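>>> Show me how the following folds:
(one chain, ligands or ions: 1)
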Amino acid sequence: MNPKQLVCLCNHVSALEIKKKLRAGALSTAEIQQFTTAGTGCGRCVREIEAIVKKHLEEHGKDPQFRINFK
Ligand code: FES
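Below is the predicted model of the structure:
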């Protein structure tokens with residue numbers, strides 16, 4: 001997937017923006033929705049967001065040190 005490709009068309013949120021929040025410490029789809037607004041419109045993109053979150057957590061775990069600078 002091209003990182004600049006929009007995942008959420010309703011709110012113009014790219015995969016890159018979602019990954020930045022995950023690297024900053026987001027741990028769930030709900031947190032991605034809260035801090036990017038992705039998935040808060042029609043909801044069609046939520047499954048794709050969930051897949052990105054799941055893949056990130058499988059690869060990087062839930063290291064709490066990243067949450068220090070979260071938001
Ligand atoms: S495409 Fe993401 S909420 Fe509609």
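>>> how about the strands in the protein?
Along the chain, the segments classed as strands by DSSP state E run 6-8, 13-14.
>>> and those as CSV, adding mean pLDDT and distance to the ligand?
(Glycine included, C-beta is placed from N, CA and C.) Below are the strands of the chain laid out as CSV (pLDDT from 0 to 100; distance: least, CB to the nearest ligand atom, whole Å):
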stretch, mean pLDDT, distance to the ligand
strand 6-8, 98, 3
strand 13-14, 98, 7
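>>> Tell me where this protein is predicted with low confidence.
1, 63-71 (pLDDT under 70).
>>> Please work out which of the strands of the chain is packed deepest.
strand 6-8 (a mean of 22; mean count of other CB atoms under 10 Å).
>>> which bits of the chain sit near the ligand?
8-10, 38-45 (CB under 6 Å from any ligand atom).
>>> got the end-to-end distance for stretch 31-48?
15 Å (CA to CA, to the nearest Å).
>>> how much distance is there from it to the middle of the chain?
Taking CA atoms, centre = their mean, to the nearest Å, one finds stretch 31-48 lying 8 Å from the centre of the chain it belongs to.
>>> Would you map the helices across this protein?
15-24, 29-36, 46-60 (DSSP state H).
>>> And the shortest one, what does it pack against?
Right, helix 29-36. Applying 3 or more CB pairs under 8 Å, 6 or more residues apart in numbering; DSSP states H and E, one finds that helix 29-36 makes contact with helix 15-24, helix 46-60.
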